[in-house]
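Peer 1: just to be clear, the model below is a prediction. Sequence and coordinates:
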Amino acid sequence: MASLAIPTIEAVALRVLAALGVGVATGAADQAAREQARKRQEAAEKAKSAPISRTEAPTGERKKCAMCPPDCGTEFERTFPVRKDWVDYQARIGGMPNGPNFIMEWEFNGVKFDGFVSAECMLKEAKGGYDRFFDEWGEVFDWWRHNINEMMREMGRQSLAATPRPPVQLEWLWQEPVSYRYFSKILGPIAPDVPHHYFP
């Protein structure tokens, strides 16, 4: 029932925003991207609710998940009021649907990832715009230092969730050189089998 109300609520919200003059220029592109994401989510929900006694689809789904367990994960929408540069980098690296005020991410084993490539059984984490948190000597600014522990926890959570390895793979990609050098050194020991790549 709630899934029927969501498109109606979105349509009403878009009309209200259009009447107020908010988001009129990006509304069509945003709506098209949201519609694509909604259709993919509906297809996933239908697959979940299909009867187990059917042999063709559920068997195919089970085999696909057995070959690459993250295929059993789900998309979720991350929204933001203003699109920042890190979103463009994440969209390019993760390859997930996105729009002016949202990006889709992938959740597997209860942990969020920036992207997933089924053909490679590859979970991805994109880190863009982090060089702004370093001084000219490559040291983290004191006011941002507390975030390092959260980054280490994120690496640990993702490494534990991205199993079994193989076939599951996880990689972290860095947009900028200073943050790549710094974090690949301190995060490497937490998950030695997770590669870090400098990929501008």
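Peer 2: Done, it's in. Numbering: from 1, shown residues only.

Peer 1: which stretches in this protein count as strands?
Peer 2: 74-79, 98-99, 102-108, 111-113, 115-117, 122-127, 169-174, 196-198 (DSSP state E).

Peer 1: I'd like the ones you listed written out as CSV, with distance to Trp137, mean pLDDT and mean neighbour count added.
Peer 2: (C-beta placed from N, C-alpha, C; glycine too.) Listed next are the strands of the chain as CSV, based on distance: least, Cβ to Cβ, whole Å; pLDDT from 0 to 100; neighbours: other Cβ atoms under 10 Å:
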stretch, distance to Trp137, mean pLDDT, mean neighbour count
strand 74-79, 33, 95, 14
strand 98-99, 35, 94, 22
strand 102-108, 33, 97, 20
strand 111-113, 32, 98, 19
strand 115-117, 32, 96, 20
strand 122-127, 20, 98, 22
strand 169-174, 19, 98, 22
strand 196-198, 19, 97, 15
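
Peer 1: export the ones you listed to TSV and tack on distance to Trp143?
Peer 2: Converted to TSV, these look like this (distance: least, Cβ to Cβ, whole Å):
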stretch	distance to Trp143
strand 74-79	25
strand 98-99	30
strand 102-108	27
strand 111-113	26
strand 115-117	30
strand 122-127	19
strand 169-174	21
strand 196-198	24
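
Peer 1: how does this protein divide into domains?
Peer 2: Annotated domains of the chain cover 1-49, 69-198 [automatic domain parsing].

Peer 1: highest average neighbour count across those domains?
Peer 2: Most buried of the domains of the chain by mean neighbour count (mean count of other Cβ atoms under 10 Å) is domain 69-198; its value is a mean of 16.

Peer 1: on that earlier part again, comparing the domains of the chain, which gets the lowest mean pLDDT score?
Peer 2: Of all the domains of the chain, the minimum mean pLDDT falls on domain 1-49 (a mean of 51).

Peer 1: distance between the ends of stretch 136-144?
Peer 2: By Cα to Cα, to the nearest Å, the extent of stretch 136-144 from end to end equals 15 Å.

Peer 1: and for stretch 117-133?
Peer 2: Stretch 117-133: ends 29 Å apart by Cα to Cα.

Peer 1: please apply the same query to stretch 119-135.
Peer 2: End-to-end distance (Cα to Cα), stretch 119-135: 39 Å.

Peer 1: what's the answer for stretch 127-147, then?
Peer 2: 13 Å.
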